[in-house]
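In: Here you go, sequence then predicted model.
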Amino acid sequence: MTMNKKNVKFILPPKNSFSVNGPSDPLFFYYRFIVGFLYRRRIQIGLNFLKPSYESVLEFGHGSGLLLPTLASISKKLFAIDIDSNPILVRESLKKLNINAEISNKDLFERKYESESFDLVVAFSVFEHIKDPCDILKELFRILKPNGKLLVGMPRVDRTMEKMFALIGFKNINSLHVTSHKDFLSVADKRFELIKTKHMPFFLPSCAGLYYNMLFKKNR
């Protein structure tokens, strides 16, 4: 796969390339008309922070694997981990697309990646599900190379978003979304430097954003 030298483009695989994988996997929403545009756009905003080439990339919380074709296009070595995902389904989907990646459904601490082994860790719509991300951020810090990057995307978490998710079929979303991007930032700032951030929609003030993309750099 080839990429524009200036921008990393989100590659939406053909429909039915991947299977729903995990209790909160929003796979089908990416292919809907209006909602799909919003789901794809939130990812693209985060991808715009990235450069087109990395030695090693880890997706933390890969779900169905929908983002892996995009990440494969910018990495020499690709890894993915998700404790709630069936790795067999993901491997079968990637094989059809001729994509190689090491897939794991182990706990991040159990997997024990080598220290300073990744240039980039990507986590879209993961940390809102984690009540206390302190230990996970400590582990991600350990496995990132010096000056390695951490790209995080998170939705707004409040009663307004609970109502909006209900309109598209996700009921009681706040039982799954337990951490806001502000709470996450307060913990991440202890180990990482926030170097880029952008919310969606951009024409609203940050406090009214619906989705937040944040790029961090590992502090030495």
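Out: That came through fine.
In: make it CA atoms for all contacts and neighbour counts henceforth
Out: Fine.
In: What is the least confident helix or strand in this protein?
Out: helix 159-167 (a mean of 63; mean pLDDT, DSSP states H and E).
In: Show me what the next helix or strand after it packs onto, helices and strands only.
Out: Next helix or strand after helix 159-167 toward the C-terminus (DSSP states H and E): helix 181-188. Identification of packing neighbours for helix 181-188 by 3 or more Cα pairs under 8 Å, 6 or more residues apart in numbering; DSSP states H and E yields helix 134-143.
In: contact partners of the very next helix or strand once past the helix it packs on?
Out: Going down the chain from helix 134-143, the next helix or strand is strand 144-155, by DSSP H and E. The contact list for strand 144-155, computed with Cα atoms under 8 Å, 6 or more residues apart in numbering, reads 42-43, 46, 115-128, 180-181, 210-220.
In: go on, stretch 179-188?
Out: By Cα under 8 Å, 6+ apart, stretch 179-188 touches 127-134, 137, 154-157, 212.
In: In those residues, which has the lowest confidence score?
Out: Taking the contacts of stretch 179-188 together, the minimum pLDDT is found at V157 (78).
In: correct me, but that one touches A208?
Out: No. Assessed by Cα atoms under 8 Å, V157 is found out of contact with A208, at 11.1 Å.
In: who's more crowded, those two?
Out: V157 (19 against 13; other Cα atoms under 10 Å).
In: which residue packs closest to L12, ignoring adjacent ones?
Out: Nearest residue to L12, sequence neighbours excluded (Cα to Cα, 6 or more residues apart in numbering): L66, at 7.4 Å.
In: What's the separation between that neighbour and L97?
Out: 11 Å (Cα to Cα, to the nearest Å).
In: Neighbour count for these two, which is higher?
Out: L66 (22 against 12).
In: for this structure, which spans come out with low pLDDT?
Out: For the chain, residues meeting the criterion pLDDT under 70 lie at 1-6, 159-175.
In: 90 - rerun?
Out: 1-7, 22-26, 129, 156-178, 180, 207-208, 219-220 (pLDDT under 90).
In: Tell me the secondary structure at G63.
Out: coil (DSSP: H, G, I helix; E, B strand; the rest coil).
In: Contacts only, for it.
Out: Per Cα under 8 Å, 6+ apart, neighbours of G63: V20, N21, G22, D25, D82, D84, S85.
In: Give the buried residues for the longest helix seen in the chain.
Out: Taking DSSP state H as the criterion, the chain has its longest helix at helix 34-47. Judged by neighbour count (16 or more other Cα atoms under 10 Å), helix 34-47 contains these buried residues: L38, Y39, R40, R41, R42, I43, Q44, I45, G46, L47.
In: Next, count neighbours for the closest residue to the third one other than its chain neighbours.
Out: This points to R40. Distance criterion Cα to Cα, 6+ apart; nearest residue to R40, sequence neighbours excluded, is Y30 at 6.2 Å. When neighbours are defined as other Cα under 10 Å, Y30 has 18 of them.
In: how about Y30, what does it touch?
Out: G36, F37, Y39, R40.
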